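Q: I would like the atomic coordinates for the input below:
(chains A, B, C and D)
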4 protein chains.
Amino acid sequence: MANQKFGAGIWHFATYVDRYATDGYGPPRTLIEMIDLAGQVDDLSVVDINFPFADPALSFDAVGKALDRNGLSVIGITPEIYTRQFAKGAFTNPDAGIRRLANEMCNDAADAVRHFGAKYVKLWPGQDGWDYPFQVDHRALWQASMDGIGELAEQNPDLQFVIEYKPREPRVHMSYDSVSRTLLGIEKIGLPNIGILLDFGHSLYGGESPADAAQLAIDHGRLFGMDVNDNFRSWDDDLIAGSVHPIELFEFFYTLRKNDWEGVWQLDQFPFREDSVAAANSAIDFLKGVERALDKLDLEAMREAQSRHDAVTALNLARQALFSSF
Amino acid sequence: MANQKFGAGIWHFATYVDRYATDGYGPPRTLIEMIDLAGQVDDLSVVDINFPFADPALSFDAVGKALDRNGLSVIGITPEIYTRQFAKGAFTNPDAGIRRLANEMCNDAADAVRHFGAKYVKLWPGQDGWDYPFQVDHRALWQASMDGIGELAEQNPDLQFVIEYKPREPRVHMSYDSVSRTLLGIEKIGLPNIGILLDFGHSLYGGESPADAAQLAIDHGRLFGMDVNDNFRSWDDDLIAGSVHPIELFEFFYTLRKNDWEGVWQLDQFPFREDSVAAANSAIDFLKGVERALDKLDLEAMREAQSRHDAVTALNLARQALFSSF
Amino acid sequence: MANQKFGAGIWHFATYVDRYATDGYGPPRTLIEMIDLAGQVDDLSVVDINFPFADPALSFDAVGKALDRNGLSVIGITPEIYTRQFAKGAFTNPDAGIRRLANEMCNDAADAVRHFGAKYVKLWPGQDGWDYPFQVDHRALWQASMDGIGELAEQNPDLQFVIEYKPREPRVHMSYDSVSRTLLGIEKIGLPNIGILLDFGHSLYGGESPADAAQLAIDHGRLFGMDVNDNFRSWDDDLIAGSVHPIELFEFFYTLRKNDWEGVWQLDQFPFREDSVAAANSAIDFLKGVERALDKLDLEAMREAQSRHDAVTALNLARQALFSSF
Amino acid sequence: MANQKFGAGIWHFATYVDRYATDGYGPPRTLIEMIDLAGQVDDLSVVDINFPFADPALSFDAVGKALDRNGLSVIGITPEIYTRQFAKGAFTNPDAGIRRLANEMCNDAADAVRHFGAKYVKLWPGQDGWDYPFQVDHRALWQASMDGIGELAEQNPDLQFVIEYKPREPRVHMSYDSVSRTLLGIEKIGLPNIGILLDFGHSLYGGESPADAAQLAIDHGRLFGMDVNDNFRSWDDDLIAGSVHPIELFEFFYTLRKNDWEGVWQLDQFPFREDSVAAANSAIDFLKGVERALDKLDLEAMREAQSRHDAVTALNLARQALFSSF
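A: Reported below is the predicted structural model:
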């Protein structure tokens, strides 16, 4: 595991706005500036990039050069299907014309995946859902959620599409809200190239055990990607990984290891008020400790304790392995 | 809908203990006493009965007579797979002998269903789950959750088994925790006689929209039963239906009506400190208002508003129909 | 009560950005446009205005004219102590220079209050708090929270300052997080011109009973203002008042009536995807029903039921009075 | 700090019932058996004992002997003001006769404190509160909450009374629900011998930062006691301390150390399905690591980071000190 790769959503290195600080938590940054910041992180290999680029004049070449000089490659492309025009949904928008725009943007993102040799198009349909009781016809909304992604997967059989589910925000309720709902939809669509990108924090604040969610996605053959962060279990705070729930994060990675799941360990953090390079380094330092702890954990003793549902023994084993790795 | 039937879990008329009031919130009641209380409710037709009876000496005949004199019939039988011996799980217990006991108890419950001409065996595997990170092997736990219920459904192809999912309590996390997880499991088991009993409150405090959950279960052909109550969205408070979330309760019943779902409207309330007959009457009075409101609601206008995701119009229509029915 | 006045935060009529829809949920609106929209609401008398105005060239006179032609007056001025420069706090910022800026901006807001003949400066210190364990010295932070507001109240003894507490957002935890904490701080500061503006939704999602919170603030002589909206109890969704929790909203207003609390019933809603005039009208229609229900409610019977903590009787009385008023 | 004392509520060593496992999670244990179990824990010095004893025939002498042979002393006595007769409240019960009974039971508990040379009477008014909107007159309820405890403190000026606040359970809302509310009440009562027993888990699931809550209670001179455990932030799970939130637990003890707060570190855990001695040992092992970490933490660097609200630096310091102590 000495070669464990680390990655991050490029937005980790952006500045942010919200409904109060409408002037932003810092001056806007160009994509190139973000990539150069990502390059300053001690051990980062890949990034996930939003598309279309904020600056439409920016060429693939210019982005490629910036990535190269920072030793970064692209793991995924995230189409921005959650901006103003998609305020009432991308795949589920009541307006067929907007649904068409979403499809086109995602197809363009697929081309970007091919250009950069990335692994997948990442779909985060954050505006697909509802806010009020009685607002939508739930059958129609869910059908449209599945149809929109199924169409993309059929149009691009050479690529993987990963769905990043999330309970809520910005909608009060998102249609792909949980690991089970997403798997149910994926099974119904029935195509091989649709999977899940499991965000640790989304799982946590949705009331799941992220370890259980990962196991379920793996058992359905659909865990295509993952990212980590932390929160206080009631919102997608996107804090530094390990800052609040180190033991459940350790169980999450233990589950990946146990299943021989191999892939990049990515960050999805929003350091609103922090130095973004320092925040990434802090998280990756923690993740390297987790790696050491996985090597140290007595897997056989853990298996034995779990076979008896013996929480105290299992906890003692996990705690000792994790903490003593720092 | 003048013939809408109302029902209740017979435990609505019990007294309760918890970890603090270990002497109970009132003197213990026999099953016969509970049935006689249920008979005092203004408009109650069916009950769901726990099995085995608290008093093992009580005969089917004695129970049948009590039901008859109160004009009640049995809709479901709930095996008590959550008492001391099942503290670490019924279907997922680490001890194979305990799993066997659970199977036997449920088969006995199936016989009670046949005896009383009830509709289903209701499975609420409240002790099947986990409390701590690292406590269980999540794959094994979920497999056992499915195997245990699949075995029962195979052994009793003439009967329906309904799963009442719930996020948590008494376990910190239940394996059948949500509508999607339960449907995913049911589809995997692949038998026609397993369905969902959707508890409005469990759905609500699990972060679901109960209306959306009902639609999803219906679309999978698995909504076999339902019950209602209310809570403050963070726990299974089992309060009087409509006391906190009348509008979402109305949307839930609107969804049933829209899909021509026909079945008993049941109560699953725990009136710890209230008069249980008064609590049932209060809920049923509210539900009758909901019935009237469904007759009054402009379905076409609602459909039109929903086709545009027009929350304000939809809300105004729903609010006016519901409130003006009282 | 035929003369009950209704009000709204002027931001009800703005468009919004968030961290995803960075291009906003609609084209930006000027303050004058917002005021003209507010004027279209059927029954709106007063507004609360952010300060400084988004357009620094806008004069008091121009704003006053717009208000006049729409029949609106100003109830409060809300200084924008939560924008970029205050990202790490206004009153609690680690930089003394920023704390000074916050003080100056609030003093300017005080002048605006005087100019418009408004009732209060509304302080919503949304960036004062913390995000991470160990981030702040909690004693120092709380002391600064009190000092900053105490200084303002001393500098402007002729005016009222109201604190709008809120559990969180945009900080993970706000220092003025609850009614009790805020009262504790106000009592410690010990000045007569500091009170609470109780936001129904903040109270609700903070786990309070808004009725209880209102009573407590009244009993301390500190309920200086209020506004309403609704949410799903886990976040400040700022939905249309009454859309989710009509019964608790009714209890809130019942508490105000019972205590002869007189003041404007204000809206603090964020209709991200809705027509803002329609959203305001929907809420005010509901509030007028609440008014009628208060006139109809049998206060003596309610008192009697509450004296016995008789929830079923109290609920039945409230439900009947409220619903039958529509 | 080599002499740090550890304690536990004696109920840690009981077996439990809940509303489902009405036959209990194990055979009932006598108080003497519980004390003998407590004596098996590696490093336990004091216990908090419920009163009256479950077995009314049990004498002070017999209890004293059992304590002596296990090397235990008594830190507090917890009157059982939450059993059946107090179902609708102890200090706030609508029946004056029941309120009198509560007072008498607490005075008897005061005598037990004197007999055992304990430190305080611990008041946990778990049934004082409400379940439904409109159920109670909030002013009257809060007044009674204060009056009942004020009366006890006046009757027993030689003793300390500590209030263990909690957001909810078994009531849907407890009147002493948070640190701020409790301090507000204590200040209003105005007696020196009433303080707070801060339960880490209650604070956590009430949305507080336990470190901030401790600081606030200390700054008001009212932190008389504390106990720890863990949970998933939505309920009082009473899990093993440190099993879920080790970093916030560390911040809590850091706050005590920083303020030179000296007292017993107590456990309030409910090991429903675990070996109670193993669960206590696991927690105390963790707490000893916390002690070592406090000795190791660079307090000056932490102060400096906090003076800048520098979350990343503060987190890195805390994490390294804590984890490397195992």
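
Q: rest of the way, CA atoms for contacts and neighbours
A: OK.

Q: how about the helices in chain A?
A: For chain A, the helices defined by DSSP state H occupy A:31-38, A:60-69, A:96-116, A:138-155, A:179-189, A:200-205, A:210-219, A:246-258, A:276-296, A:299-307, A:311-323.

Q: and the fifth one, what's buried?
A: When neighbours are counted by 16 or more other CA atoms under 10 Å in any protein chain shown, the buried residues of helix A:179-189 are found to be A:V179, A:S180, A:R181, A:T182, A:L183, A:L184, A:G185, A:I186, A:E187, A:I189.

Q: is chain B contacted by it?
A: Yes: judged by CA under 8 Å from any CA of the partner chain, helix A:179-189 and chain B are in contact via A:S180, A:R181, A:L183, A:L184.

Q: for A:C106, which non-adjacent residue is closest in space?
A: A:P79 (5.8 Å; CA to CA, 6 or more residues apart in numbering or on different chains).

Q: in CSV: the residues of helix A:179-189 next to chain B, plus pLDDT and distance to chain C.
A: What follows is the residues of helix A:179-189 next to chain B, written out as CSV (pLDDT from 0 to 100; distance: CA to the nearest CA, whole Å):
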residue, pLDDT, distance to chain C
A:S180, 98, 22
A:R181, 98, 20
A:L183, 98, 25
A:L184, 98, 25
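
Q: name the nearest of those residues relative to B:W265.
A: The shortest separation between B:W265 and any of the residues of helix A:179-189 next to chain B is 26.0 Å, and it belongs to A:R181 (by CA to CA).

Q: wait, what's in contact with the closest one?
A: B:S180, B:R181 (CA atoms under 8 Å, 6 or more residues apart in numbering or on different chains).

Q: neighbours of the closest residue to chain D within chain A, just the number please.
A: At 4.4 Å from chain D, A:F323 is the closest residue in chain A, using CA to the nearest CA. Neighbour count of A:F323, defined by other CA atoms under 10 Å in any protein chain shown: 20.

Q: also A:A140?
A: The number of residues packed near A:A140 is 12, by other CA under 10 Å.

Q: ok, A:R114 next?
A: For A:R114, using other CA under 10 Å, the count is 16.

Q: roughly how far apart are it and chain B?
A: Distance, A:R114 to chain B, using CA to the nearest CA, to the nearest Å: 33 Å.

Q: what does the pLDDT read for that residue?
A: Looking at A:R114, its pLDDT stands at 98.

Q: next one: it from A:F60, what distance?
A: Per CA to CA, to the nearest Å, A:R114 is found 11 Å from A:F60.

Q: likewise A:M146?
A: Distance of A:M146 to A:F60, computed by CA to CA: 31 Å.

Q: same question for A:E151.
A: For A:E151, the distance to A:F60 equals 26 Å [CA to CA].

Q: chain B contacts on chain A?
A: Chain A comes close to chain B at residues A:88, A:94, A:131-139, A:180-181, A:183-184, A:206-207, A:211-212, A:215-216, A:219, A:247-248, A:251, A:303, A:305-311, A:314-315, A:318, as judged by CA under 8 Å from any CA.

Q: hmm, which of the residues you listed are the buried ones?
A: A:88, A:94, A:131-139, A:180-181, A:183-184, A:206-207, A:211-212, A:215-216, A:247-248, A:251, A:303, A:305-311, A:314-315, A:318.

Q: and the stretch 201-326 of chain A, which residues reach chain D?
A: A:233, A:243-248, A:274, A:278-279, A:282, A:310-312, A:315-316, A:320, A:322-326.

Q: now with 7 Å?
A: A:V244, A:H245, A:I247, A:A278, A:A279, A:S282, A:V312, A:N316, A:Q320, A:F323, A:S324, A:F326 (CA under 7 Å from any CA of the partner chain).

Q: and for the second one, the neighbour number?
A: By the other CA under 10 Å criterion, the neighbourhood of A:H245 contains 22 residues.

Q: just the fifth one next, same as before
A: One way to gauge burial is a neighbour count; for A:A279, by other CA under 10 Å, it gives 24.

Q: pretty sure it is touching D:A314, no?
A: No: look at A:A279 against D:A314 with CA atoms under 7 Å: they stay out of range, at 11.6 Å.

Q: contacts only, for the residue in the stretch 101-250 of chain A that chain C sits nearest to.
A: Nearest residue of the stretch 101-250 of chain A to chain C: A:S234, at 6.6 Å (CA to the nearest CA). Each residue near A:S234 by CA atoms under 7 Å, 6 or more residues apart in numbering or on different chains is listed here: A:Y205, C:S234.

Q: rewinding a little: so for C:P157, which of the helices of chain A sits nearest?
A: Per CA to CA, nearest to C:P157 of the helices of chain A: helix A:276-296, 43.3 Å.

Q: output the below-cut-off pLDDT ranges for the stretch 201-326 of chain A.
A: Low-confidence regions of the stretch 201-326 of chain A, defined by pLDDT under 70, are absent; no residue qualifies.

Q: any idea of the pLDDT on A:A54?
A: pLDDT for A:A54: 83.

Q: distance of it from C:G24?
A: Using CA to CA, we find A:A54 at a distance of 14 Å from C:G24.

Q: and these two? Which one has more around it.
A: More neighbours surround C:G24 than the other of A:A54 and C:G24, with 21 against 12 (other CA under 10 Å).

Q: so that one touches C:R273, yeah?
A: No: applying CA under 7 Å, one finds C:G24 not in contact with C:R273, separated by 10.5 Å.

Q: spit out the contact partners of A:L72.
A: Contacts for A:L72 (CA under 7 Å, 6+ apart) come out as A:S45, A:V46, A:V47.

Q: typed the wrong thing, it's A:F286
A: Residues counted as contacts of A:F286 (CA under 7 Å, 6+ apart) are A:G242.

Q: go with 10 Å
A: The contact partners of A:F286, taken as CA atoms under 10 Å, 6 or more residues apart in numbering or on different chains, are A:I240, A:A241, A:G242, A:S243, A:P246, A:A280, A:S325, A:F326, D:N316, D:R319, D:Q320.

Q: if anything else comes up later, I'll come back, but that's it for now.
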